[in-house]
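**Q** Just a sequence and a predicted model for now, questions to come.
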Amino acid sequence: MARSLTLAVCQTGPVQRAASRAETVGRLVHLLEQAAAAGADLAVFPELALTTFFPRWMLDDDEIEAFYETSCPGPETQPLYDAARRLSVGFALGYAERVVENGRVRRFNTMDLIGRDGALVGRYRKMHVPGQETPEPGTTVHLERRYFEPGNLGFPVFRFGDVRVGLALCNDRRWPETYRMLCLGGAEVALIGYNTPMLLDEAPALAHLRMFHNHLPMQAGAYQNTLWVAAAAKAGIEDGQALIGGSCIIAPTGEIAAQALSIGDEVVVYRADLDLIAACRRVNFDFARYRRPAEYRLIAERAGPPED
């Protein structure tokens, strides 16, 4: 019997700092309703979907607390979970997580996978946290490493019905290890949320390649690991910074099957043929037959190339 999963990427336009959590959640509910009306089974929202991308600023300790969720769902986000249950549509939501573990406050850039019943299926914490702890001259201010520590949950793969789903966030999509770890964990679908600026002060000559470099690793990751990839962006001018958008759904062939056309709130839906995964493996990637894990040890033992 043929297997499929109808995916929705729920791109959002900018979420300004002045926006209330209730206003933003209302937008997400509306997008989920659109996804459900189009027949979606599972939707993905952007990274840090509930707030502006606050790592673009140096903030005082008393200022940053407003950007974190201490529980999800909470009183302000509960309507989104209620909508999932009412509509029978699952979703993945990126947000800033503040948690106390072993008596210590920890902060993670997090994505939760939520089932059709509005209940938590699984949680992922961003592994590849980019940026700096303090602003560095000549570079775009990007202080994720000030506000988040690297994830500590690995690259888990979760069951969504009979489909195996993995999660990733923004910079994770640029690293081939992300897709290979999800593939080796059995993932058939990778859901990704991201916030990506259009311009980088440290490399203005590469500005025309930003969308190319956005899609390139996701298409390669989908193709080389025989995965469906659904990636949702935040887009438009957010608190003075232009975000690229380009939300898309990518097939295991590496082809972009569907893509957002705007830089605002937009839902893109595509019925993913899960049987295509097996076909792609037969053609190019019979992992069990051709991979040679014993020869790849250096990948895990060395972070980067030698300097000399």
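**A** On my side now, so go ahead.

**Q** For Trp175, grab phi and psi.
**A** With angles defined as degrees, to the nearest 10, Trp175 sits at phi -100, psi 120.

**Q** Check whether it really touches Pro130, as I assumed.
**A** No - counting by Cβ atoms under 8 Å, Trp175 stays clear of Pro130, with 10.5 Å between them. Any C-beta I mention is one placed from the backbone N, CA and C, and that applies to glycine too.

**Q** Give the helix, strand or coil label for Glu133.
**A** Following DSSP: H, G, I helix; E, B strand; the rest coil, the label given to Glu133 is coil.

**Q** And Arg123, by the same measure?
**A** Under three-state DSSP, Arg123 falls in the strand class.

**Q** Bridge partners for it, pull those for me.
**A** Here Arg123 sits in beta bridges with Asp112, as judged by DSSP bridges.

**Q** Please give the number of neighbouring residues around it.
**A** If you count neighbours by other Cβ atoms under 10 Å, Arg123 ends up with 17.

**Q** how much space is there between it and Ala92?
**A** Per Cβ to Cβ, to the nearest Å, Arg123 is found 10 Å from Ala92.

**Q** which residues do these two both contact?
**A** Taking Cβ atoms under 8 Å, 6 or more residues apart in numbering as the contact rule, Arg123 and Ala92 both touch 111-113.

**Q** gap between the least confident helix or strand in the chain by mean pLDDT and the chain center?
**A** Counting by mean pLDDT, DSSP states H and E, the chain has its least confident helix or strand at helix 61-64, which shows a mean of 91. Mean-position distance between helix 61-64 and its chain equals 25 Å (Cα atoms, centre = their mean, to the nearest Å).

**Q** Start at 174, not 1
**A** Shifting the count to begin at 174 puts that one at helix 234-237.

**Q** Pull the residues that contact it.
**A** Contacts of helix 234-237 (Cβ under 8 Å, 6+ apart): 227, 320.

**Q** Starting from that helix, tell me the next helix or strand along the chain.
**A** Remark: after helix 234-237, the chain's next helix or strand is helix 251-260, criterion DSSP states H and E.

**Q** Which secondary structure elements does whichever helix or strand comes after that next one sit against?
**A** The helix or strand immediately downstream of helix 251-260 is strand 263-274, counting by DSSP H and E. Strand 263-274 sits against strand 215-217, helix 251-260, strand 277-287, strand 362-368, with contacts defined as 3 or more Cβ pairs under 8 Å, 6 or more residues apart in numbering; DSSP states H and E.

**Q** Please convert these to CSV, extending it with distance to Arg465, mean neighbour count and mean pLDDT.
**A** What follows is the helices and strands packed on strand 263-274, written out as CSV (distance: least, Cβ to Cβ, whole Å; neighbours: other Cβ atoms under 10 Å; pLDDT from 0 to 100):
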stretch, distance to Arg465, mean neighbour count, mean pLDDT
strand 215-217, 33, 29, 99
helix 251-260, 43, 18, 98
strand 277-287, 32, 20, 97
strand 362-368, 24, 29, 98
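
**Q** Compare these and give me the one nearest Gly334.
**A** Of all the helices and strands packed on strand 263-274, strand 215-217 sits nearest to Gly334, with 8.8 Å by Cβ to Cβ.

**Q** Give me the sheet partners of the closest one and which way each runs.
**A** In the sheet, strand 215-217 lines up with strand 177-184 (parallel), strand 263-274 (parallel) (DSSP bridges).

**Q** From Gly186, how far out is the closest residue to Arg289 other than its chain neighbours?
**A** With sequence-adjacent residues excluded and distances taken as Cβ to Cβ, 6 or more residues apart in numbering, Arg289 is closest to Ser261, at 4.6 Å. Look at Ser261 and Gly186: by Cβ to Cβ, they are 26 Å apart.

**Q** Mind checking which of the two has more residues around it?
**A** Legend: neighbour count by other Cβ under 10 Å for Ser261 and Gly186, higher for Gly186 (19 against 12).

**Q** Okay, now the unreliable bits of the chain?
**A** For the chain, no stretch has pLDDT under 70.
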